[in-house]
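> Provided below for reference: sequence and predicted model.
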Amino acid sequence: MTNPISLCHWGAFEAEISNGRLIATKPMQGSGADPDMIGALPQLVYSDKRIDQPHIREGWLRNRALSDGAMRGHDRMVPVSWEVALKLVSEELDRIRTDHGHKALFAGSYGWSSAGRFHHARSQIRRFFGAFGGYTDQTGNYSWGAAQIILQHVLGSEDAVSSAATSWNSICGNTDAFIAFGGLNPKNWRVTSGGAGFHHMPAHIQRAADQGTKFIVISPVADDIPPGLEADWIAPRPGSDTAIMLGLCHEMLRRDRADRAFLDRFCSGSETLIAHLNGDIDQQPKTLEWAATIADVPVQSLTELADIMETGRVMLTASWSLQRAHHGEQTYWALIALAAMLGQIGLPGGGFTFGYGSLNAVGQSARKGLVPALPTLGNKAGMSIPVARFVDMLEHPGKSIPFNGQHITYPDTKLIYWAGGNPFHHAQDLFRLERLWARPDTVIVHEQFWTATASRADIVLPATTSLERSDIGGTSRDPNVFYMPKLIDPVGQARNDFDVFSELSEWSGFGDIFSEGRDETAWLRHLWSRTETRAMAQGLSAPGFEELIEKGVWQVPLPDKPEVYLSGFRQDPVENHLPTDSGKIELASERIGSFQYDDLAGHPAWFAPSEWIGDAPPDALALLSRQPAKFLHSQLGQTDLAGDQPPKIWMHPSEADQRGFREKDLVRVSSPRGACLAQVARMEQCRLGIAVMETGPWYEGNKTGLDHGGNPNAVTLDIGTSPLSQATAAQTCLVTLERYLEDQEQTG
Ligand SMILES: Nc1nc2c(c(=O)[nH]1)N[C@H]1C(S)=C(S)[C@@H](COP(=O)(O)OP(=O)(O)OC[C@H]3O[C@@H](n4cnc5c(=O)[nH]c(N)nc54)[C@H](O)[C@@H]3O)O[C@H]1N2
Ligand SMILES: Nc1nc2c(c(=O)[nH]1)N[C@H]1C(S)=C(S)[C@@H](COP(=O)(O)OP(=O)(O)OC[C@H]3O[C@@H](n4cnc5c(=O)[nH]c(N)nc54)[C@H](O)[C@@H]3O)O[C@H]1N2
Ligand SMILES: [Mo]
């Protein structure tokens, strides 16, 4: 018998099951998924961090809402039956709604959850609270929250970061120079939101290189160049990319190589931008010298970059990390401006696309709309806050914040409900989160594992993993849709999030609204019938539900032509005008200008970030907290992939020498927010003035403000990118390092 195939965010896999137990997992043949991450699934599923049954915090069990929230994470967790736990959840939801109203229920529950689109925990919880009558939700995401807003103004939609991409088929053979701000780090291609059948990015890049594309990587760290690829490397200060892009715009104008006809026909606001580039108002022309000083790179390397851009077909890209920083919107706006100057937007292999270096399958070429999604039920409370502002919301109930031209007034949160996310992984400034997490009356978490978040809840309900239930999964970036069969029985007393919410909604009398009378199989069949209809509209014939189960995967036929982002607009900018105010690409935006935000002009501009290495004390380092190589965020952190603890902090050998650190020395990484532990690791190919850590280690903050788990979010800054998008600015962070001497640590 052949082994069953299933899917997770880090790829498709073959599972070996024996006597009802998952024995081993390996990448689906030919998929290119990472064997270490896939191979860790049995360890993950049977980890001793699994939550075996529902638990209630002792203090809450005794005093409920009157208990001391500061004891979260300290009190004993008392095991209880499902019946007791669900009754308490149900009563508490009812109490909060009656006493405080729907907005007091914070259930935005940001997080990646697992692959599998029906059991997707964040969709389930939002559907439940929609049926419940409303809640406070979260808008946007951590990945590209700043891009999402700025692109709506500049291009009329977020497509350029969320779904649209010039495909590799168009790049290969057409692109002369591929310029990657933030690089093309292969570690990021191990993951696709929803899971993908193919991990072919290294092959795409190799094919492009073989067909003559020259790669230029602009990143503080050379491992952002894929191994084996010959690429030019420019290593700027973090946070300076916008200045480089504007400098190059200025240079194209100076050399009379800017495509004025393109600017006139396809863009609005170019005069305003050009006036800024020339320094008409601030008397500072945005020359290459100006940019080189900000970025701390030789001006010669920028001149050479401009030489490369002058001829041939140029593809510009920026990793998502570049907009997860203070003023992150500007980087994306400036990249679009630079592409507009070159005038190749909408041509094969030219223009810009965001995120080739950020996620597997960007530009892979696949048909969209065929992966099912669980429909939500709206939110009658009409309340949603920018995703990364939730700690601020906990601190300042009633405060009004600017957001994309409007104002959002924070609700007074009485209950937090999370399923499918790990805020004690993803939020910035975790010590602040921990202080404010104590405030609400009640915290309820569905989790598979005793994460830092689950350990800090009042009511913890154990959830199944995607291997313990059946589902349908995939991503619109990849041409496969998977049936994900239930491979093993639930571990311990774990239940599906769907079953928990179904039962809660039955008790509260809105079972029909939430589940619509369907069980798992009926839902999968229903969602699949919608896919069949959509497939038909695209002239495709999807397999029937039974056939899908039997086959395990539907290989969707590829689109007929390579995708070229904005080619339709280029062919006919009137008929296919953009949904912006001007119908064109907005190189200046009157609308953004009218918001009159500080530090935000109506056109792309470089602003020094609030913590800026260009103006920092000599012992400071700019901390890049980037995506982990072998985890998915905090997921897999409970397996052997976590390696030696605490996690590493990489820096240039001379930065280590200057501080007297040897390899593997334990150091305290500090900022005004707090500190975390890390092990010194030297990295030759890295610029000065920076330190690099991976996100994902499990937070273990103590009362002295030291996180023994080594989570960089113990030190990151929790501010919005700008009043425009209020997105995470995690990459803007200065730290200092000192050797950690255990006996000097004060306990308290
Ligand atoms: N400093 C810094 N911080 C960052 C970033 C950064 O670059 N730097 N990146 C940010 C980004 S882009 C992101 S996307 C976020 C990621 O933040 P998250 O998405 O919150 O991170 P995950 O670790 O994926 O959390 C998912 C949680 O859901 C649980 N889970 C999985 N499946 C299920 C399920 O079926 N049911 C239930 N109930 N639970 C389930 C997992 O065990 C895990 O604890 O982090 C952000 N934080
Ligand atoms: N293996 C793995 N892959 C993942 C994920 C994961 O958890 N694990 N998470 C996925 C998710 S949710 C997301 S959102 C994407 C995120 O994708 P990205 O945001 O692109 O990923 P990062 O690793 O944070 O950053 C990419 C590179 O940007 C560089 N960089 C950082 N700051 C600067 C800067 O100011 N200037 C320049 N020029 N370069 C800079 C860093 O060297 C880093 O290696 O990754 C996805 N891929
Ligand atoms: Mo993300």
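Done, it's in. Ligands and ions are numbered 1, 2, ... in the order given.
> Dead centre of the protein: give me the residue that sits there.
residue 143 (2.6 Å; C-alpha atoms, centre = their mean).
> Not counting sequence-adjacent ones, nearest residue to that one?
residue 320 (5.6 Å; C-beta to C-beta, 6 or more residues apart in numbering). (C-beta placed from N, C-alpha, C; glycine too.)
> And for residue 345?
Among residues not flanking residue 345 along the chain, residue 351 sits closest, at 3.8 Å (C-beta to C-beta, 6+ apart).
> what's the distance between that neighbour and ligand 1?
25 Å (C-beta to the nearest ligand atom, to the nearest Å).
> Return the distance of residue 248 relative to residue 4.
For residue 248, the distance to residue 4 (C-beta to C-beta, to the nearest Å) stands at 51 Å.
> The two: who's more crowded?
residue 248 (26 against 17; other C-beta atoms under 10 Å).
> okay, that one: pLDDT?
Reported pLDDT at residue 248 in the predicted model: 98.
> Would you mark the buried spots in the strand or helix carrying it?
With secondary structure defined by DSSP states H and E, residue 248 is part of helix 241-254. By neighbour count on 16 or more other C-beta atoms under 10 Å, the buried set for helix 241-254 is 241-253.
> Do any residues in it lie close to ligand 2?
Yes: against ligand 2, helix 241-254 shows contacts by C-beta under 6 Å from any ligand atom at residue 241.
> Now for the closest residue to residue 139 other than its chain neighbours: which residues touch it?
In this structure, residue 139 finds its nearest non-sequential neighbour in residue 384, 4.6 Å apart by C-beta to C-beta, 6+ apart. Residues in contact with residue 384, defined by C-beta atoms under 8 Å, 6 or more residues apart in numbering, are 108, 136, 137, 138, 139, 408.
> Recalculate using a threshold of 7 Å.
Going by C-beta atoms under 7 Å, 6 or more residues apart in numbering, residue 384 touches 136, 137, 138, 139.
> which of those residues has the most neighbours?
residue 136 leads those on contacts (other C-beta under 10 Å) with 26 neighbours.
> quick one: contacts for that one?
Taking C-beta under 7 Å, 6+ apart, one finds 103, 105, 106, 108, 381, 383, 384, 385, 411, 413 in contact with residue 136.
> ok, so what distance separates it from ligand 2?
Counting by C-beta to the nearest ligand atom, the gap from residue 136 to ligand 2 is 23 Å.
> Check residue 106 too.
Taking C-beta to the nearest ligand atom, one finds residue 106 at 22 Å from ligand 2.
> partner residues bridging that residue?
Residue 106 has these beta-bridge partners by DSSP bridges: residue 136, residue 416.
> distance of it from residue 683?
40 Å.
> Please say which of those two ends up with more neighbours.
Relative neighbour count places residue 106 above the other of residue 106 and residue 683, with 25 against 20, counting by other C-beta under 10 Å.
> where's that one relative to residue 385, distance?
Relative to residue 385, and taking C-beta to C-beta, residue 106 is found at 9 Å.
> What is the nearest of the contacts of residue 384 to residue 523?
residue 137 (22.3 Å; C-beta to C-beta).
> Report whether the expected contact of the closest one with residue 109 is present.
No: with contact defined as C-beta atoms under 7 Å, residue 137 does not reach residue 109; the gap is 8.7 Å.
> interface residues of the stretch 201-350 of the chain facing ligand 2?
When proximity is defined as C-beta under 6 Å from any ligand atom, the stretch 201-350 of the chain approaches ligand 2 at 218-221, 224, 236, 238-239, 241, 319-322.
> Please narrow those to those residing in helices.
Counting by DSSP state H, those place residue 241 in helices.
> and which of the residues of the stretch 201-350 of the chain next to ligand 2 is nearest to residue 376?
residue 320 (24.5 Å).
> For ligand 1, see how far away the closest one is.
7 Å.
> got the contact list for that residue?
Contacts of residue 320 by C-beta under 7 Å, 6+ apart are 143, 144, 354, 355, 358.
> Output those as CSV; include the columns distance to ligand 2.
Output for the contacts of residue 320, formatted as CSV (distance: C-beta to the nearest ligand atom, whole Å):
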residue, distance to ligand 2
143, 3
144, 7
354, 9
355, 7
358, 3
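> Among the residues you listed, which lie within strands?
residue 354 (DSSP state E).
> Now for the contacts of residue 320: which two are most distant?
143 and 354 (10.8 Å).
> ok so, going back, could I have the CA atoms of the helix holding residue 248 written out in PDB?
Extracted in PDB, the C-alpha atoms of helix 241-254 (Å, rounded to 0.1, in the frame of the first residue of the first chain):
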ATOM      1  CA  ASP A 241      16.800  51.200   1.000                       C
ATOM      2  CA  THR A 242      14.300  54.000   0.300                       C
ATOM      3  CA  ALA A 243      17.200  56.400   0.100                       C
ATOM      4  CA  ILE A 244      19.000  54.200  -2.400                       C
ATOM      5  CA  MET A 245      15.900  53.800  -4.500                       C
ATOM      6  CA  LEU A 246      15.300  57.600  -4.500                       C
ATOM      7  CA  GLY A 247      19.000  58.200  -5.300                       C
ATOM      8  CA  LEU A 248      18.700  55.900  -8.300                       C
ATOM      9  CA  CYS A 249      15.500  57.700  -9.400                       C
ATOM     10  CA  HIS A 250      17.500  61.000  -9.300                       C
ATOM     11  CA  GLU A 251      20.300  59.400 -11.200                       C
ATOM     12  CA  MET A 252      18.100  58.100 -14.000                       C
ATOM     13  CA  LEU A 253      16.700  61.700 -14.400                       C
ATOM     14  CA  ARG A 254      20.100  63.200 -14.300                       C
END
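> Around ligand 2, pick out the residues from the protein.
143, 181-183, 185, 187-188, 190-191, 218-221, 224, 236, 238-239, 241, 319-322, 357-359, 624, 626-629, 631-633, 731.
> so where do the helices sit in the stretch 451-600 of the chain?
497-507, 511-515, 520-537, 545-551, 567-571, 590-595 (DSSP state H, counting those that start in this stretch).
> Next, the contact list for residue 634, please.
When contacts are counted by C-beta under 7 Å, 6+ apart, residue 634 touches 422, 425, 451, 696, 698.
> Can you tell me the closest non-neighbouring residue to it?
Residue 634's closest residue in space is residue 425 (C-beta to C-beta, 6+ apart), at 3.8 Å.
> how near is that neighbour to residue 628?
10 Å.
> where do the contact lists of these two overlap?
Contacts common to residue 425 and residue 628, judged by C-beta under 7 Å, 6+ apart, are residue 696.
> any weak-confidence spans in the stretch 1-150 of the chain?
The stretch 1-150 of the chain contains residues with pLDDT under 70 at 1.
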